[in-house]
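Peer 1: coordinates for the following, if possible.
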Amino acid sequence: MPDGPIPPKESMIPPQPVPAGASAFSRQMHGLMDGQPKDEATVAKALEGFDKIFESIAAGLYSLASMLVGEGEESMRLVETAVANAEVSVCHDPKAACKSSQRALCTAALALLAKRSPGSLAAPEGLAPAETCIEDDDLASAGISTEELDNMIAGPDRDRVRNWLSSLPMALRTVFVLRAVAGLTAVETAALLKAHGGPQATEWTPEAAREVFRQGLCSLASQLIHASAER
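Peer 2: Okay, here's the model as predicted:
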């Protein structure tokens, strides 16, 4: 498939929730950026009441980081890097700010994974569409709703999905998290892997990202079936 306009079905999968009050925070930030000097007390007073928004954004970034590189200090450092590198201050739209911070985190996470385990994000060779239970590369094809995915990530089934993710090969896990959790398209996923996944990742293509994600969706669908059978 050409790298032209992205079809509607390849929009963010699923779109990540924007914390309540984020729009007000964005407006307040841009209200402060008027070119006039301000002391610390003025800025602190203008941002009173927004601590929960920062906490919510940071928690979401940490969850994403931990699914990519694991729990612990490395994920905390990735959050710090994302906040420092994301173009949040120039985003009038809070959704754009969240996406920018997620992209900055994913970029840093891929570089970390490539350094930690060279070759682990290598592009698949001779990859052909496999006969799986999933015909397409979206959540609906796997019979999974956004609500179910959110519940698996942050709800009572959190440990199950974490254990499942940790059992996947690194490239498969990374593609799944980039697409299903960070909401990147196949084109965006392939581009990030090519740029930051190390020397052996330069041959990633959108088609390969779609196929690997489809395999991940099939595995996730199987997890849901097992979970339902156990209840």
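Peer 1: okay, now P124: neighbour count?
Peer 2: Neighbours of P124 under the rule other CB atoms under 10 Å: 16. Bear in mind the C-beta positions are built from the backbone N, C-alpha and C, glycine included.
Peer 1: how about it, phi and psi?
Peer 2: Backbone torsions of P124, given as degrees, to the nearest 10, read phi -70, psi 140.
Peer 1: that one contacts V175, correct?
Peer 2: No. The criterion here is CB atoms under 8 Å, and P124 misses it with V175 at 9.9 Å.
Peer 1: find the residues that touch each one of those two.
Peer 2: Common neighbours of P124 and V175, using CB atoms under 8 Å, 6 or more residues apart in numbering, are V212.
Peer 1: which residue is the nearest non-sequential neighbour of L165?
Peer 2: Excluding the flanking residues, the one nearest L165 by CB to CB, 6 or more residues apart in numbering is R173, at 5.3 Å.
Peer 1: could you say which helix or strand contains that neighbour?
Peer 2: Using DSSP states H and E, the secondary-structure element containing R173 is helix 170-176.
Peer 1: helices of the chain, start to end?
Peer 2: Residue ranges of the helices in the chain, as given by DSSP state H, are 22-32, 40-46, 51-69, 73-85, 94-116, 146-154, 158-167, 170-176, 186-196, 206-230.
Peer 1: want to try CSV for those helices, with mean pLDDT and mean neighbour count as columns?
Peer 2: Below are the helices of the chain laid out as CSV (pLDDT from 0 to 100; neighbours: other CB atoms under 10 Å):
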stretch, mean pLDDT, mean neighbour count
helix 22-32, 51, 15
helix 40-46, 56, 10
helix 51-69, 79, 19
helix 73-85, 85, 17
helix 94-116, 88, 20
helix 146-154, 70, 16
helix 158-167, 85, 14
helix 170-176, 96, 22
helix 186-196, 97, 21
helix 206-230, 80, 18
